[in-house]
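Colleague: Any chance you could fold what I've pasted below:
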Amino acid sequence: MRPSSSQPRWIHRALCVAIVAGSLAAPAAAQARTPVSPVGTLKQLSGKAGCVVDQSKPGKAGCTEVRALRGPAPFLGSRAVVISPDGRNLYVASSKSNAIAIFTRNASTGALTQGPGAAGCISQGGIGGCASGVGLIGPNSVAVSPDGASVYATAVGSSAVTAFHRDATTGALTQDQDGSGCVADAPTAGCVTGRALKGSDVVVVSPDGANVYVGAFFGNAVATFTRNTTTGALTQPADTTGCLAAATAGCATGLALLAPEGLAISGDGATVYVAAAESSAVDVLARNPATGALTQAADGTGCIVNAALSGCTTGVRISGANAVAVSPGDDDVYATSLFNNTVTSFTRTAGSGLLTQQTGTNACVIYVLAVGCSLGRAMSAPEGVVVAPDGATTYSASFTSGAINVLERNASGSLIQKRGRAGCQATSSVPGCTTARAMQGVSSLAVSADGRFLYGGSNKSNAVTVFKRVPASR
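Modeller: Next up, the predicted model:
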């Protein structure tokens, strides 16, 4: 769903810009003519409600101290923060705690609280007073099934995907340790052995809850699992439909699949999109809704790459493709690109799921001005990306800048950063942005279903930040 055509379209400026301390200086007269829309703007909650921080950093930034939150949202992993479909809980993959941190979410205020003991986290071997889990060395991404009954996490150190039962009342997680709660790339105690899971990086669940897909960074693959909708257990097909890889025995062969870092699935469940960092590509995988199997076309429509590659279409500014998101209504797809410091925009074709990169300054928003992009601020090393449920705003998390970028999305699906301080929330060292606390190494983002709150996982701050968001009027 794109923003309504009745909303104002923002004028892209490719000329007459100045880079001053990494920010865009627009003419004062132009700013006066076009007021900044409040829709999509962010304001961090005040006091300790504005962030939760691991207790190993007591009192840091005036945040609430919690457990199992060391190294959340690591640089390797673009979906480390997720909200349950009922909005009651927020789950965070904490790489250095070897844990999934569990928070109860106040739907009215957005504030987060953590339960005591096992109710507040699940960790490898139950360290830190958490519930006991397996296959949780270095968790880096997390997803919740549409029915809210199951939570899944990847763990790059374990090269595994883990499955948890979710208590719908408390949000607490438990894991079967008879092999049904974990699938690992190599024999691992408490896990069954799967394929193409080396360096498991990112996980998504299909909208019908029937399948789970895992991007394996070091395996250069996307692994496919059938999900038992009653128990949540995962089974990997034994034939080549169980994985799509650059070159792995027993898997179907795909194109431009080196180092998958990001995954997203369209709302209609027809297409899985992959951001492949080493291939500098956005891949388009068709999903069979009956079997969950993924296939990739080799006629140029199955991948868009930064440099010419046989079987793919050549795009622009997607070097080091990092994360990918699909807009509400399945109209557009957005990808962050680490080496180009960009958020790139693609138009999605309904039915086929095929992508066409936008052109001109609509093609991308970039940290340093370049042909074919509009200028962005505080966008060094963009990682996670998310589109708000109302479709009005896209947000990216910039790891090196320590910033959340606020990008207005117009009726064509193109993006431009909000002017002035409304365009970014960042650490105090970043000029031209609104100052926010506990934002060092921000990497993953989640927006509540009602569009009123945004959460960011900050790896170097050992924190999750909480922002109130202005949603579009209904």
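
Colleague: Straight-line length of stretch 115-132, end to end?
Modeller: 15 Å (Cα to Cα, to the nearest Å).

Colleague: Quick one: distance of that stretch to the chain centre.
Modeller: Mean-position distance between stretch 115-132 and its chain equals 25 Å (Cα atoms, centre = their mean, to the nearest Å).

Colleague: And stretch 148-167, by the same measure?
Modeller: Worked out by Cα atoms, centre = their mean, stretch 148-167 lies 16 Å from the chain centre.

Colleague: Pull out the buried residues from it.
Modeller: 148-166 (16 or more other Cβ atoms under 10 Å). In short, each C-beta sits where N, CA and C put it, glycine included.

Colleague: try stretch 351-361
Modeller: 353-355, 357-358, 361.

Colleague: Would you tell me which one of these comes nearest to residue 412?
Modeller: Nearest to residue 412 among the buried residues of stretch 351-361 is residue 358, at 7.5 Å by Cβ to Cβ.

Colleague: At the geometric centre of this structure, which residue do we find?
Modeller: residue 79 (3.7 Å; Cα atoms, centre = their mean).

Colleague: Find the helix or strand that it is a member of.
Modeller: Using DSSP states H and E, residue 79 falls within no helix or strand.

Colleague: follow-up on the earlier one: among the buried residues of stretch 351-361, which are in strands?
Modeller: 355, 357 (DSSP state E).

Colleague: What is the most widely separated pair among the buried residues of stretch 351-361?
Modeller: 353 and 361 (25.4 Å).

Colleague: Can you find the helix or strand in this protein with the smallest mean pLDDT?
Modeller: strand 19-20 (a mean of 30; mean pLDDT, DSSP states H and E).

Colleague: one step back: relative to residue 254, how far out is the residue nearest to the centre of the chain?
Modeller: Counting by Cβ to Cβ, to the nearest Å, the gap from residue 79 to residue 254 is 20 Å.

Colleague: How about residue 216?
Modeller: 12 Å.

Colleague: Are there residues contacting both of these two? Which ones?
Modeller: The contact sets of residue 216 and residue 254 overlap at residue 222 (Cβ atoms under 8 Å, 6 or more residues apart in numbering).

Colleague: okay, the buried residues of stretch 351-361 in a markdown table with distance to residue 39 next?
Modeller: Output for these, formatted as a markdown table (distance: Cβ to Cβ, whole Å):
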| residue | distance to residue 39 |
| --- | --- |
| 353 | 28 |
| 354 | 30 |
| 355 | 26 |
| 357 | 26 |
| 358 | 21 |
| 361 | 21 |
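
Colleague: can you map out the strands along the stretch 351-474 of the chain?
Modeller: 355-357, 364-366, 374-375, 382-387, 393-398, 403-409, 415-417, 424-426, 434-435, 442-447, 453-458, 463-469 (DSSP state E, counting those that start in this stretch).

Colleague: next one: the stretch 151-300 of the chain
Modeller: Going by DSSP E, counting those that start in this stretch, the stretch 151-300 of the chain shows strands at 160-166, 173-174, 179-184, 191-193, 200-205, 211-216, 221-227, 234-235, 243-245, 252-253, 260-265, 271-276, 281-287, 294-295.

Colleague: would you turn the ones you listed into CSV with mean pLDDT and distance to residue 399?
Modeller: Converted to CSV, the strands of the stretch 151-300 of the chain look like this (pLDDT from 0 to 100; distance: least, Cβ to Cβ, whole Å):
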stretch, mean pLDDT, distance to residue 399
strand 160-166, 98, 24
strand 173-174, 98, 27
strand 179-184, 94, 27
strand 191-193, 97, 30
strand 200-205, 98, 15
strand 211-216, 98, 18
strand 221-227, 98, 23
strand 234-235, 98, 30
strand 243-245, 97, 27
strand 252-253, 96, 32
strand 260-265, 97, 12
strand 271-276, 98, 15
strand 281-287, 98, 19
strand 294-295, 98, 29
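
Colleague: Tabulate those (CSV), appending distance to residue 52.
Modeller: CSV is the format used below for the strands of the stretch 151-300 of the chain (distance: least, Cβ to Cβ, whole Å):
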stretch, distance to residue 52
strand 160-166, 20
strand 173-174, 18
strand 179-184, 26
strand 191-193, 30
strand 200-205, 23
strand 211-216, 27
strand 221-227, 30
strand 234-235, 30
strand 243-245, 36
strand 252-253, 42
strand 260-265, 25
strand 271-276, 28
strand 281-287, 33
strand 294-295, 36
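
Colleague: Quick check: which of those strands is nearest to residue 454?
Modeller: Using Cβ to Cβ, these put strand 260-265 closest to residue 454, at 17.7 Å.

Colleague: and that closest one, which strands flank it?
Modeller: strand 271-276 (antiparallel) (DSSP bridges).

Colleague: Poorly predicted segments of the stretch 351-474 of the chain, please.
Modeller: 369, 474 (pLDDT under 70).

Colleague: Kindly check the end-to-end length of stretch 95-111 for me.
Modeller: First residue to last in stretch 95-111 (Cα to Cα) measures 23 Å.

Colleague: let me fix that: stretch 153-160
Modeller: So stretch 153-160: terminal residues 8 Å apart, Cα to Cα.

Colleague: How about residues contacting it?
Modeller: 74, 76-77, 93, 95, 98, 100, 135-143, 161-162, 164, 182-186, 188, 191, 197-203, 214-219.

Colleague: 7 Å instead, please
Modeller: Where contact means Cβ atoms under 7 Å, 6 or more residues apart in numbering, the residues beyond stretch 153-160 that reach it are 76-77, 93, 100, 135-142, 161-162, 182-186, 188, 191, 197-203, 214, 217.

Colleague: List the beta-bridge partners for residue 262.
Modeller: Counting by DSSP bridges, the residues bridging with residue 262 are residue 275.

Colleague: how many neighbours does it have?
Modeller: 28 (other Cβ atoms under 10 Å).

Colleague: Ok, the one 5 residues further on next?
Modeller: The local packing of residue 267 (other Cβ under 10 Å) involves 13 other residues.

Colleague: Check the one 5 residues further on too.
Modeller: Counted with other Cβ under 10 Å, the burial measure for residue 272 works out to 28 neighbours.

Colleague: Would you confirm that residue 139 contacts residue 101?
Modeller: No. Residue 139 lies out of contact with residue 101 (Cβ atoms under 7 Å); the separation is 9.7 Å.

Colleague: what touches both of those two?
Modeller: residue 94.

Colleague: Comparing these two, which residue is more hemmed in?
Modeller: Neighbours were counted for residue 139 and for residue 101 using other Cβ under 10 Å; residue 139 has more, 35 against 31.

Colleague: Can you name the residues that contact that one?
Modeller: Residue 139 touches 93-95, 98-100, 153-155, counting by Cβ under 7 Å, 6+ apart.
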